[in-house]
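**Student:** requesting a structural model of the entry that follows:
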Amino acid sequence: MAGYARRGTLFAVVLLAALACAPAARSPAAPVGAPSAASGSGAASGSGATNGGAGTGADGGDALQRLVDGARQEGTLSFVWGEGTLGGSDGVRRLADGFNKAYGLNVDVKFTPGPNMAEMAPRIAQEYQAGRPAVSDVAVGYAQHVLAMMDADALEPVDWSAWAPNVQNPAAVAADGRAVVVQSSTTGITYNSTKLSGSLAPQSLQDLLKPEYKGRIATTPYAASFDNLAVPELWGEQRTTEYVTRLAAQVAGLIRCNEIERIASGEFDAFAIDCSQGNALRLKAAGAPVEFVIPTDAPLIVPLYLAVPRRSAHPNAAKLFVNYLLSPEAQAILYETNFQDAAFVPGSRTAPEIEKLQAAGVRFTTVDVAYYQRNDDKEMARTLAKFQDILRKQP
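**Tutor:** Residues are numbered from 1 along each chain as shown. The predicted structure follows:
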């Protein structure tokens, strides 16, 4: 595990940044939304226990059937994560029904709304080190949370390509099989479409520095995503510091990423950097006057990962559930319940906006496991603290 040795300071950073929605480097030639650290083979396909899919021959079918038989004996799946993740209680209920139907099972899926990802990752790591069963049979987190659990060797490496029909796309798998991407978030600007329209509608972070936006903008107290922009491969520290300082003079207040209703109500006209598209698109679908735009000068994709803890109490069912979440049916449920899905899966409803910007020459950066591995987490923690201080001291 030497290659994964990290990250005491990261917990402090994540605890601040993930309280609202934790918040996205990739090769231009990679599939849309693809994390840059992946392993596997073939292309995504199929769903359910009976669909062999690409990369699964007779041996793969036998392995899949053994997992189904094992899950039937286990009889239970227990999940603990935040209510705002993967559609919360409603999303898990619908996913559980589809999961059991796909595999011909009657597994009792229990969901307990729990702490945020920044608290759950060290908990799962500590449980593994203490020899206790994991509190959740499936761990959910962004790249920084996956790395925190990997530091403790708390995640099981899985050869998904050998048996999982829906996990054949290399874009899905990271960290030598320890994590699988099931959802792509895009960070951006959420704005009130009745207050800002036409030439006033922002398209970039730079737009928000225009005089006409002064006193009409909100940003986060935890400086969401600005630490990602400050790394050398993107804006760098100097440019990002200058931007945050100028933005602080523009903003009228600090809100969290789960408070988008305050944009819809007109309290603020625009909000950046929003942690993901999910809340804004949910409100828009309900008729609220909000729009979400990916800024052309800061196009970030943030993959959400599922992982199987080494001490999962129901590992067979857990692995099958991860495979199920990349099926077309489960991806549709994810989008219907939280307006996010995996951008590299055929039929993704997240992908078109990304593809439109790519066609216009915009190059996305994916804040994935490889991104965190190649950047200095101590420097990211330092710059994040600096940006938070600047924003909290805004007039």
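
**Student:** what about the residue nearest to N316 when sequence neighbours are not counted, distance to V180?
**Tutor:** Distances taken as C-beta to C-beta, 6 or more residues apart in numbering place G70 nearest to N316, at 3.3 Å, with adjacent residues excluded. Quick note: C-beta positions are derived from backbone N, CA and C, even for glycine. Going from G70 to V180 by C-beta to C-beta, to the nearest Å gives 19 Å.

**Student:** between the two, which has more neighbouring residues?
**Tutor:** Counting neighbours by other C-beta atoms under 10 Å for G70 and for V180 shows that V180 has the greater number, 29 against 15.

**Student:** the more buried one belongs to a strand?
**Tutor:** Yes. V180 sits within a strand when classified using DSSP: H, G, I helix; E, B strand; the rest coil.

**Student:** from memory it sits against A171, does it?
**Tutor:** No. V180 is beyond contact range of A171, at 10.2 Å (criterion: C-beta atoms under 8 Å).

**Student:** quick one: low-confidence ranges for the stretch 51-200 of the chain?
**Tutor:** Low-confidence segments of the stretch 51-200 of the chain, defined by pLDDT under 70, are located at 51-59.

**Student:** now do 50
**Tutor:** For the stretch 51-200 of the chain, the stretches with pLDDT under 50 are 51-55.

**Student:** next, give phi and psi for the nearest residue to Y335 once chain neighbours are set aside.
**Tutor:** Once flanking residues are discounted, Y335 sits nearest to D341: 4.4 Å by C-beta to C-beta, 6+ apart. For D341, the backbone dihedrals (degrees, to the nearest 10) come out as phi -140, psi -180.

**Student:** W81 now?
**Tutor:** The phi/psi pair for W81 (degrees, to the nearest 10) reads phi -160, psi 180.

**Student:** same check, this time on Q126
**Tutor:** Here Q126 shows phi and psi, under degrees, to the nearest 10, equal to phi -70, psi -40.

**Student:** look up how far R132 lies from it.
**Tutor:** The separation that Q126 has from R132, given C-beta to C-beta, amounts to 8 Å.

**Student:** swap in Y305?
**Tutor:** In this structure, Y305 and R132 are separated by 22 Å, where distance is defined by C-beta to C-beta.

**Student:** now swap in M120 and tell me
**Tutor:** Distance, M120 to R132, using C-beta to C-beta: 14 Å.

**Student:** who does the residue nearest the centre of the chain bridge with?
**Tutor:** Closest residue to the average C-alpha location of the chain: L304 at 2.8 Å, with C-alpha atoms, centre = their mean. Applying DSSP bridges to L304 gives these bridge partners: Q183.

**Student:** that one contacts A143, doesn't it?
**Tutor:** No. With the criterion set as C-beta under 8 Å, L304 and A143 do not qualify as a contacting pair; they are 9.4 Å apart.

**Student:** mutual contacts of these two, please.
**Tutor:** The contact sets of L304 and A143 do not overlap (C-beta atoms under 8 Å, 6 or more residues apart in numbering).

**Student:** phi, psi for E119 please.
**Tutor:** Phi and psi for E119, reported as degrees, to the nearest 10, are phi -90, psi -30.

**Student:** any idea how many residues pack against it?
**Tutor:** Look at E119: counted by other C-beta under 10 Å, it has 16 neighbours.

**Student:** next one: N375
**Tutor:** By other C-beta under 10 Å, the residues close to N375 number 19.

**Student:** that one touches V231, doesn't it?
**Tutor:** Yes. With contacts defined as C-beta under 8 Å, N375 counts as touching V231 at a distance of 4.8 Å.

**Student:** can you pull out the helices in the stretch 1-150 of the chain?
**Tutor:** Per DSSP state H, counting those that start in this stretch, the stretch 1-150 of the chain carries helices over the ranges 8-21, 58-74, 88-103, 117-130, 143-151.

**Student:** same check, this time on the stretch 151-300 of the chain
**Tutor:** In chain order, the stretch 151-300 of the chain shows helices spanning 226-229, 237-248, 261-264, 278-285, with DSSP H, counting those that start in this stretch as the criterion.

**Student:** mean neighbour count and distance to A175 added to the ones you listed, as CSV?
**Tutor:** Below are these laid out as CSV (neighbours: other C-beta atoms under 10 Å; distance: least, C-beta to C-beta, whole Å):
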stretch, mean neighbour count, distance to A175
helix 226-229, 26, 19
helix 237-248, 16, 27
helix 261-264, 20, 35
helix 278-285, 20, 24
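
**Student:** tell me which of those sits nearest to D153.
**Tutor:** Checking the helices of the stretch 151-300 of the chain against D153 by C-beta to C-beta gives helix 226-229 as the closest, at 26.4 Å.

**Student:** cheers, nothing more for now.
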